[in-house]
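K.L.:
okay, structure incoming, though there's no sequence with it:
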């Protein structure tokens, strides 16, 4: 078990008090609302989950069942939500926002944006970026620790490349088409990449469902290429990306590779932060060009293994 120092505990508590104070000041300046923070979080979860139930809300937000029931009852009386009986199980009721509820939620979201604008408006751009990167680091480290013990995450490699080729191609195609507007030429590129000397593929599963993947292509006996790395947006924050990359790097060291390289595009901030975390550095940047239907800048990242 990792040893804890009293100074570490003290510093975390100090930061917690400071940030709580910051939020309190922001609430006084901007976030004038009759809804509590907990009620706002409940509205957010109902809005962002298609088949939300009282039990799911209770578990996700770690709230007392009676407390959750009282809030939902009040929301229903105020015509903010409505319940819909499940078709497969009549005992299950799905919770949705009414039009009134959607308007309230939209107003709360606007006020939340105003909060952050108020916070950042006098901070220089480079300091804003430093702040965001620090927040991402905090989120990543704590999310991995919190989710480690309760997640059903597994990394599997017990299959051939051909077994999983179609799945990975489709997941990659869907991800970049939906999120970055790539056109059909990207599918051609994906099919071409599987003609390389693919050595290994790892797939992450979250409670049996596809959660992400990464592959290793052999460039030569000393250099490996990291490819096909994605994490499903719905499971981000669980440390899956870190586990996939770490698994690949462990394999490379075991098989005496001296260098790992990868090619990516410049507008993938989450992936780029992860590569930096593991020590990858940009070694080449191409000029912006039309690629897969978008204007993109390609980057090569290198990591020298010790």
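P.N.:
Received it, and whenever you're ready, just let me know what you need. Every value quoted in this text rests on a predicted model; they were computed, and no experiment measured them. Residues are numbered from 1 along each chain as shown.

K.L.:
report the residue ranges of every domain in this protein.
P.N.:
Domain segmentation of the chain under automatic domain parsing yields 6-122, 153-304.

K.L.:
got those as a markdown table, with mean neighbour count columns?
P.N.:
To be clear about C-beta, it is placed using only N, CA and C from the backbone, and glycine gets the same treatment. Output for those, formatted as a markdown table (neighbours: other Cβ atoms under 10 Å):
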| stretch | mean neighbour count |
| --- | --- |
| domain 6-122 | 13 |
| domain 153-304 | 16 |
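
K.L.:
mean pLDDT lowest for which of those?
P.N.:
Of all the domains of the chain, domain 6-122 carries the lowest average pLDDT, namely a mean of 83.

K.L.:
quick revisit: residue 141: which of the domains of the chain is closest?
P.N.:
Checking these against residue 141 by Cβ to Cβ gives domain 153-304 as the closest, at 9.0 Å.

K.L.:
can you pull out the helices in the stretch 51-200 of the chain?
P.N.:
In the stretch 51-200 of the chain, the helices defined using DSSP state H, counting those that start in this stretch lie at 54-61, 65-77, 99-120, 125-148, 161-180, 185-193.

K.L.:
any idea which of the ones you listed gets closest to residue 214?
P.N.:
Evaluated over these, closeness to residue 214 peaks at helix 161-180, with 9.6 Å, by Cβ to Cβ.

K.L.:
chain center to the closest one: distance?
P.N.:
With Cα atoms, centre = their mean, to the nearest Å as the basis, helix 161-180 stands 18 Å off its chain's centre.

K.L.:
about what we covered before: which one, of the domains of the chain, ends up nearest to residue 138?
P.N.:
domain 6-122 (8.9 Å).

K.L.:
end to end on that closest one, go ahead and measure it.
P.N.:
Distance between the boundary residues of domain 6-122 (Cα to Cα, to the nearest Å) amounts to 35 Å.

K.L.:
against residue 215, how distant is the closest residue to residue 194 other than its chain neighbours?
P.N.:
Once flanking residues are discounted, residue 194 sits nearest to residue 165: 5.5 Å by Cβ to Cβ, 6 or more residues apart in numbering. For residue 165, the distance to residue 215 (Cβ to Cβ, to the nearest Å) stands at 10 Å.

K.L.:
in CSV: the helices of the stretch 51-200 of the chain, plus distance to residue 7.
P.N.:
Below are the helices of the stretch 51-200 of the chain laid out as CSV (distance: least, Cβ to Cβ, whole Å):
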stretch, distance to residue 7
helix 54-61, 32
helix 65-77, 36
helix 99-120, 28
helix 125-148, 17
helix 161-180, 42
helix 185-193, 48
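
K.L.:
and those: which comes nearest residue 92?
P.N.:
helix 54-61 (8.9 Å).

K.L.:
could you tell me the angle between that closest one and helix 65-77?
P.N.:
Here the directions of helix 54-61 and helix 65-77 differ by 120 degrees (axes from the mean of the first three to the mean of the last three Cα atoms, to 10 degrees).

K.L.:
counting by contacts, list what helix 54-61 packs against.
P.N.:
The helices and strands touching helix 54-61, judged by 3 or more Cβ pairs under 8 Å, 6 or more residues apart in numbering; DSSP states H and E, are helix 37-48, helix 65-77, strand 93-97.

K.L.:
out of these, which is closest to residue 161?
P.N.:
helix 37-48 (35.6 Å).
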